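[1] give the three-dimensional model of this entry:
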Amino acid sequence: MELKGLKTKFLGKNVLFFSSIDSTQKKVKSIKQPENGMLVIADNQVAAIGTHERKWYTGNGKNIAMSFVLFPDCKIQKMEKITTEIADCLIKILKEMTNFEFEVKEPNDIFYQGKKVAGILTETVCKGENIRKIYIGIGLNVNQEKFPGNLSEIATSLKKVCGKEFAREAVIVAFLNEFEKYYESLIQ
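    Numbers count the residues shown, from 1 in each chain. Prediction:
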């Protein structure tokens, strides 16, 4: 997967891509010495996790499953709203790409007309009152048309909302470009 148009200084500059993996979040956390902004992307996750250890359905090659690591080395208070900031950033780029209104179900889900489009998982590693690392996982339903079981009642995708396919890479690049600006303003 090539991230054309990436304008970030560090976010997504080092990418690991997997056609299938247990979980992008588990993978990025398992890397011994990751670079700041290292990104793990997968076409398919077989044991994806969401908040409270819930399962996250990925769909093979249809959606975005990604995780990245940041090293803010700042006071916990500066990062208190990081999940909300990520959600706001996602909503901004989704509105720009689709011209539709999405909403946050705080603190970590994005919905369209009562159906979930995306979920965010943030995990921090602290030392004292400083955050050393933040692992951020994002699952975004992009081109999924059918969801298994009862997920069709509670989930939707950009394609179902807009009636057209989206290039996953373009969505990822738009998010990374936008989020790095948010993040840098938070840690200053």
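
[2] contacts only, for the residue most central in space within the chain.
    In the chain, the centroid-proximal residue (Cα atoms, centre = their mean) is Ile138; its distance is 2.2 Å. Residues near Ile138 by Cβ atoms under 8 Å, 6 or more residues apart in numbering: Ile64, Ala65, Met66, Ser67, Ile86, Leu90, Ala118, Gly119, Ile120, Leu121, Phe175. Glycine gets a C-beta too; all of them are placed from N, C-alpha and C.

[3] ok, now Leu94?
    So Leu94 contacts Phe100, Phe102, Ile110, Val117, Leu158 (Cβ under 8 Å, 6+ apart).

[4] just the buried members of those?
    The neighbour-count test (16 or more other Cβ atoms under 10 Å) applied to those identifies Phe102, Ile110, Val117, Leu158 as buried.

[5] may I ask which two of the residues you listed are separated the most?
    The span of these, defined through Cβ to Cβ, is set by Ile110 and Leu158 at 10.6 Å.

[6] which residues are common contacts for these two?
    Joint contacts of Ile110 and Leu158 (Cβ under 8 Å, 6+ apart) are Leu94, Val117, Leu140.

[7] now those residues in JSON lines, with pLDDT?
    Converted to JSON lines, those look like this (pLDDT from 0 to 100):
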{"residue": "Leu94", "pLDDT": "97"}
{"residue": "Val117", "pLDDT": "95"}
{"residue": "Leu140", "pLDDT": "96"}
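
[8] how far away is the most far-flung residue of the chain relative to its centre from Ile82?
    What lies farthest from the middle of the chain is Gly128; by Cα atoms, centre = their mean that is 27.0 Å. For Gly128, the distance to Ile82 equals 18 Å [Cβ to Cβ, to the nearest Å].

[9] phi, psi for the residue nearest to Asn60 when sequence neighbours are not counted please.
    Using Cβ to Cβ, 6 or more residues apart in numbering and skipping the chain neighbours, the partner closest in space to Asn60 is Asn44 (4.3 Å). Dihedral angles of Asn44 (phi, psi; degrees, to the nearest 10) stand at phi -150, psi 140.
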